[in-house]
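In: Sequence and predicted structure, then a few things I'm wondering about:
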Amino acid sequence: MNCEDYKEAIAADPSYQGGEAHLSACADCRAFRDGMRSLDRRIGRALEIAVPDLRMPELPDIDTAEVVSLPTRRRFTSPAWLAVAATIVLAAFVGLRMVGSNVTYASLADEIVAHLDHEPYALRVTDEPVSDRRLAKVVPANVADMNHDAGLITYAQTCVINGKKIPHLVVQGEHGPVTILLLPDEAIDDAVQLEGESINGVLLPVGGGSVAIIGERNEKLETIQENVVNSVTWST
Amino acid sequence: MNSSDAGTARRRRFDELVGVFHQDMYRYAAWLSRDRTVAEDVVQESLLRAWKSLESLRDDAAAKHWLLTIVRRENARYFERRRLETVDVDDLTPSQQALLANEPDHELDDVREAIFGLDDDYREPLVLQVLMGYSTSEIGELMGLKQGAVLTRLHRARLKLRDGLDEEMAHGQSES
């Protein structure tokens, strides 16, 4: 990689991690990288303009009698593509007017287990880590301080659980992907086992919040649990 | 579930999603339009459209992308209906100026004004990447661009900002 290629990559994405060999030998590119990262921090602060209070428009009544509910979904053990294909077939069968999620969950644990079915694409086996930028965006400093000791993080997305935005991460375990949901505002007294078809998980109290860790049925979660709990510090 | 319960559940689902993503919707609309009043109108239209088509959101995990896609389309419709002129940074209306509201931190003002002055093609991918945390492939999907084009625009956006801010700083130093 030469200077031009490196600078182009960094200017397109300052969190770019490649080009280490070139960087170690080129002070000019190191300075360029530092400059771009500093610029990005300024850009990030500048973009966060004040937001006025929410003003909801007048919402017309919708005839929900014409809306058809989906049957409760089961968790598939087959590949993610098959789960997506099955959903598309079901959609074609009952028509396009469906409700994706109008169920009320009996408990936080139920909602967490159901959420796994919502993002089958998160559960791919891969060795590609998410970028530091992506991780910092999904786990911002005002929520938690988290490092990579939790394991190889291959998925990071902001999701909604119990009406709140929370970080949804996936690390690669020995037997497949392991889902981690960080729940800084969900305080629980004791650990809760999370059960579903072919999964094995736990909701652990961590400080004033909790963390859900769910893997395949044969995954030994103890080491991952310890790594995750040790790598998270709540900011709230 | 009877019709009344279904209606209540639908409204609750909508309110939860809006509560979580309203700030992202407004900020995206504001940086697309560069006008506070326009952004508020675009968000109102977007909320109405989202309410009417809530059933098309099959997976709440995709809510942010779904809502921002609606905002983008509503912003385009807004400008098409009104055939608004291109924003001239040197001749701002009070509503446009409100987006660049003076902060105690003048440096923040300078950066905002610099972002404000970028062409739409450069400003939008930058906002999506830095503020919304989108990957380049997600930006490409939303904007209808190949990943290479997204990378080029991001690269140019940052260089323009850097050069503009360096020039501003040099100008400020020469006056002092």
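Out: Right, received. Where do you want to start?

In: max-length helix in chain A?
Out: helix A:27-47 (DSSP state H).

In: Could you check that one against chain B for contacts?
Out: Yes - shown here: helix A:27-47 in contact with chain B (Cβ under 8 Å from any Cβ of the partner chain) through A:35-36, A:39-40, A:42-47. C-betas here are computed from N, CA, C, even on glycine.

In: Which elements pack onto that helix?
Out: helix A:3-12, helix A:20-25, helix B:106-116, helix B:147-175 (3 or more Cβ pairs under 8 Å, 6 or more residues apart in numbering or on different chains; DSSP states H and E).

In: Quick check: phi and psi at the closest residue to chain B within chain A.
Out: Taking Cβ to the nearest Cβ, chain B has its nearest neighbour within chain A at A:Lys137, 3.4 Å off. With angles defined as degrees, to the nearest 10, A:Lys137 sits at phi -70, psi -40.

In: Also A:Val232?
Out: The phi/psi pair for A:Val232 (degrees, to the nearest 10) is phi -110, psi 130.

In: could you list every residue that touches it?
Out: A:144-146, A:150, A:182, A:206, A:211 (Cβ atoms under 8 Å, 6 or more residues apart in numbering or on different chains).

In: Please check those residues and keep the buried ones.
Out: Burial by neighbour count, 16 or more other Cβ atoms under 10 Å in any protein chain shown: within the contacts of A:Val232 this picks out A:144, A:146, A:150, A:182, A:206, A:211.

In: quick one, strands of chain A?
Out: Secondary structure of chain A by DSSP state E: the strands cover A:68-69, A:98-99, A:144-146, A:153-161, A:164-172, A:177-183, A:192-196, A:199-206, A:209-216, A:232-234.

In: lowest-confidence helix or strand of chain B?
Out: helix B:94-99 (a mean of 72; mean pLDDT, DSSP states H and E).

In: Equivalent analysis for chain A, please.
Out: strand A:98-99 (a mean of 32).

In: Low-confidence ranges, the chain, go.
Out: Answering for chain A, as no chain was given. For chain A, applying pLDDT under 70 flags the ranges A:63-104, A:117-127, A:147-148, A:197, A:236.

In: look at chain B instead
Out: B:1, B:83-92, B:100-105, B:169-176.

In: what sits up against stretch B:38-47?
Out: Residues contacting stretch B:38-47 (Cβ under 8 Å, 6+ apart): A:52, A:55-57, A:59, B:18, B:22, B:25-26, B:29-30, B:32-33, B:67, B:70-71, B:74-75, B:77-78, B:84, B:95, B:99.

In: go again using 6 Å as the cut-off
Out: A:57, B:25-26, B:29-30, B:33, B:70-71, B:74-75, B:78 (Cβ atoms under 6 Å, 6 or more residues apart in numbering or on different chains).

In: about what we covered before: can you redo the buried ones among the contacts of A:Val232 as a markdown table with distance to chain B?
Out: Output for the buried ones among the contacts of A:Val232, formatted as a markdown table (distance: Cβ to the nearest Cβ, whole Å):
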| residue | distance to chain B |
| --- | --- |
| A:Ala144 | 16 |
| A:Met146 | 15 |
| A:Ala150 | 19 |
| A:Leu182 | 15 |
| A:Val206 | 22 |
| A:Val211 | 19 |
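
In: Tell me the one among the residues you listed nearest to A:Leu23.
Out: Distances from A:Leu23 to these, taken as Cβ to Cβ, are shortest for A:Met146 (25.0 Å).

In: What sits closest to the closest one if chain neighbours are left out?
Out: A:Val139 (4.9 Å; Cβ to Cβ, 6 or more residues apart in numbering or on different chains).
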